[in-house]
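*Asks:* Structure of the sequence below:
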Amino acid sequence: MNLKLIATVISVFGSEIFSQEVVCLEGFIMDQYCIDRGTLLDNPSLNTLQNPASHTIHCLVDISSCCNSGYELLTTPREGSNKFCRSYQLDDTGNKQTVALARSVGSCSTCDGSGMKESGFRAVVTGTVTVATGSSDLPTLRVLQILDESKSCSMLPDVVEITEPPCITTSGRLQPIMHLHGALMILSWGCLLPAGVITARQYKHRPNAFWFKYHRAMQITGLAIALTGVVIAIFNFTALSSPSTNAFVHGIFGIITMSLGLLQPINAFFRPHLPKEGEKKSFSRKVWGIIHKGSGYIALILAVITIVLGTRLLPEPANQTVFQVVYVAMIVPLICLVLYSRKDKKKIMFSEPDNHKVSEKVDEKVYQEEESEIHVSEEGELETYVPTEYPLLNQNDQLLQAKYK
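*Replies:* Purely as a prediction, here's the structure:
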C-alpha cells in the first residue's frame, strides 16, 4: 500500500496534529529507561547517549524495565558533540515493531534464534511526525515501518529523508531521584532506626524513661523518612516489573523490611502492660516482647541487605562507591553510642550510689549457704563488704560494692 495513502488515512482519524508527510530516518533505537538512567543498564560505566553501539539486544528487549518503558530514535551527533541526539519517541506501533525486529535479528534470551547481533540496534524508521505536546520534549513518530540497518532511506520510495532532526542531548532524569531515595533510606535504616534500637537496649539505666522517649522519637522520625523514600520509589521506579534482576530482589527486600518497620509502632501501641510490683510478667507480655524485639532485629538485618543491593543499582559506579562509603561510615556513630552507654552507666551508678544500694538487712542463712564470709554488726546490719559472687546482687550492685570494697 502507498505510504502517503496510509498517512492520509491516519490523519483523518487521528486526534493529534501531525505532518502528513512520510519521513524516513536512520539511527540507533534506545529504550527510555536507559536514557533516564544516563548510563547503560547492561554496562553502567558507559554513558547512554555516547555509547548506543554498546547497548545489548538483551537489555533492549529482554529486561522488562527497558522494553516496557518505550523507545526513542537516536540520530547522529551534531558537530562538536560526542552525544547522539534524542530525536523522536516511537508510538506504540513503533515500540512493538522494534521488539519484533530486534528479536529477529538479535541474540538474546527472547530472540527467535535466527539472528546473531548482540549489541547496537540500528534501524531505518518511516512514519509521520506528531507535534510535541504536553510534558514531552520530543515529537512522536507515528511509525509505519521499521526496517533493519541493511536498508537505507534512499532505497525507499515516497518518503522524505530528514537530514536535520530535532536534537536533545540531556539524559539521566532518574539519577537525582535515585540519589534522594538512597539518601533517605541510608539516613533512616542506616542511622536513625538502629540508633533507636541501641537506645532501647543500652540506656535503660537513665532515669525518667529516657530510653523510651528517645527510642520512640527516633523510630517515628526514621520511619517517616523511610516512608518518604518508599513513596519516591513507587512513583518513579519499576523494579518489580523485572523478575530475576537485582532491582527486583532489592524491591522485594525493601517491601518486607518496610512492612516489618511499619508494624512496629502498631504492635507497640497494643502492647500488654507491665506487671505491677510483686506480680509476675504475663505470658502475653513475654510473647509480645519476643515479637516486638525479634521483628525489629530482623528488619534491621534485612535493611542491611536491601541497602547494599540498592547502592549497586545506582547508574554510575562512582556514585555507588560514595553511597557505600557513607553507609559504612554510619557504623561509627552507632558504635560510639554503644560505647558511651557503658561509660554513662558507670558514671550514673557511682555518682548516685543511693540508687544502687545493697539492702541493709540480709538473711544470714543465705550467706552461710553460699559459704561466703559475712561481717555483721552488733545491730544485725550488713557492713560494707559483700562477696562479689553473691547471686542475689545485680551487676550494678556488684560493681558498686567492688568500688567501696
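*Asks:* tell me which element Thr126 is part of?
*Replies:* strand 122-130 (DSSP states H and E).
*Asks:* What helices and strands are in contact with that strand?
*Replies:* helix 3-13, strand 23-31, strand 85-90, helix 92-105, strand 140-148 (3 or more Cβ pairs under 8 Å, 6 or more residues apart in numbering; DSSP states H and E). Bear in mind the C-beta positions are built from the backbone N, C-alpha and C, glycine included.
*Asks:* want to throw those into JSON lines with distance to Asp62?
*Replies:* Formatted as JSON lines, the helices and strands packed on strand 122-130 follow (distance: least, Cβ to Cβ, whole Å):
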{"stretch": "helix 3-13", "distance to Asp62": "31"}
{"stretch": "strand 23-31", "distance to Asp62": "11"}
{"stretch": "strand 85-90", "distance to Asp62": "18"}
{"stretch": "helix 92-105", "distance to Asp62": "9"}
{"stretch": "strand 140-148", "distance to Asp62": "18"}
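*Asks:* so who does Leu49 touch?
*Replies:* Going by Cβ atoms under 8 Å, 6 or more residues apart in numbering, Leu49 touches Ile35, Leu74, Lys83, Phe84, Arg86, Thr169, Ser171.
*Asks:* Show me just the buried residues among these.
*Replies:* The neighbour count (16 or more other Cβ atoms under 10 Å) marks Ile35, Leu74, Lys83, Phe84, Arg86, Ser171 as buried among these.
*Asks:* pretty sure the third one contacts Gly38?
*Replies:* No: using Cβ atoms under 8 Å, Lys83 is not in contact with Gly38; the gap is 11.1 Å.
*Asks:* Common neighbours of the two, please.
*Replies:* Counting by Cβ under 8 Å, 6+ apart, the residues touching both Lys83 and Gly38 are Asn47.
*Asks:* Now the longest helix seen in the chain: average pLDDT?
*Replies:* Secondary structure of the chain per DSSP state H: the longest helix is helix 283-311. The average pLDDT for helix 283-311 rounds to 93.
*Asks:* now Ile63: how far from Cys191?
*Replies:* As for Ile63, its distance to Cys191 is 33 Å (criterion: Cβ to Cβ, to the nearest Å).
*Asks:* more neighbours, the two?
*Replies:* Per other Cβ atoms under 10 Å, whichever of Ile63 and Cys191 has more neighbours is Ile63, with 25 against 20.
*Asks:* In contact with the more buried one, which residues?
*Replies:* By Cβ under 8 Å, 6+ apart, the neighbours of Ile63 are Tyr33, Leu41, Ser242, Thr245.
*Asks:* what's Ala102 in contact with, if anything?
*Replies:* Going by Cβ under 8 Å, 6+ apart, Ala102 touches Ile29, Ile57, Leu60, Val61, Cys108, Cys111, Phe121.
*Asks:* Looking at those residues, spot the one nearest Lys343.
*Replies:* Relative to Lys343, the closest of these is Leu60; by Cβ to Cβ it sits at 58.6 Å.
*Asks:* For Met30, list each beta-bridge partner.
*Replies:* Counting by DSSP bridges, Met30 is bridged to Glu72.
*Asks:* Tell me how far it lies from Gly94.
*Replies:* According to Cβ to Cβ, Met30 and Gly94 sit 13 Å apart.
*Asks:* what touches both of the two?
*Replies:* Tyr71.
*Asks:* Roughly how far does the residue lying closest to Arg206 once chain neighbours are set aside sit from Lys204?
*Replies:* In space, and not counting its chain neighbours, Arg206 is closest to Ile348: 6.9 Å by Cβ to Cβ, 6 or more residues apart in numbering. Per Cβ to Cβ, Ile348 is found 11 Å from Lys204.
*Asks:* do Asn43 as well
*Replies:* 52 Å.
*Asks:* before we move on, what about Asn47?
*Replies:* For Asn47, the distance to Lys204 (Cβ to Cβ) stands at 53 Å.
*Asks:* and stretch 172-182, which residues are buried?
*Replies:* Buried, per 16+ other Cβ under 10 Å, within stretch 172-182: Gly172, Leu174, Gln175, Met178, His181, Gly182.
*Asks:* Settle this for me: the last one is touching Arg312, isn't it.
*Replies:* No: under the criterion of Cβ under 8 Å, Gly182 is not in contact with Arg312, lying 10.9 Å apart.
*Asks:* which ones are touching the residue sitting nearest the centre point of the chain?
*Replies:* Central residue of the chain (Cα atoms, centre = their mean): Gly310, 4.7 Å from the mean position. Residues in contact with Gly310 (Cβ under 8 Å, 6+ apart) are Gly182, Met185, His250, Gly254, Phe323.
*Asks:* and if you look at Asp62?
*Replies:* Residues in contact with Asp62, defined by Cβ under 8 Å, 6+ apart, are Cys108, Ser109, Thr110.
*Asks:* do the same with Val124
*Replies:* The contact partners of Val124, by Cβ under 8 Å, 6+ apart, come to Cys24, Leu25, Glu26, Gln145, Ile146, Leu147, Asp148, Glu149, Lys151, Ser152, Cys153, Leu156.
*Asks:* can you do 10 Å?
*Replies:* Contacts for Val124 (Cβ atoms under 10 Å, 6 or more residues apart in numbering) come out as 24-27, 145-156, 159, 161.
*Asks:* Can you flag the buried ones in those residues?
*Replies:* Buried among the contacts of Val124 by 16+ other Cβ under 10 Å: Cys24, Leu25, Glu26, Gly27, Gln145, Ile146, Leu147, Cys153, Leu156, Val159.
*Asks:* quick one on the thing from earlier: average pLDDT for the strand holding Thr126?
*Replies:* When pLDDT is averaged over strand 122-130, the result is 95.
*Asks:* just use 541 as the starting number from now, easier for me
*Replies:* Okay, using 541 as the starting number, the last item reads as strand 662-670.
*Asks:* so it versus strand 625-630, what angle?
*Replies:* 70 degrees (axes from the mean of the first three to the mean of the last three Cα atoms, to 10 degrees).
*Asks:* care to break the chain down by domain?
*Replies:* 543-701, 715-891, 898-943 (automatic domain parsing).
*Asks:* mind listing the helices in the protein by residue range?
*Replies:* Under DSSP H, the chain gives helices at 543-553, 572-577, 597-601, 604-607, 632-645, 715-727, 733-742, 750-776, 786-809, 823-851, 857-869, 871-891, 904-909, 935-943.
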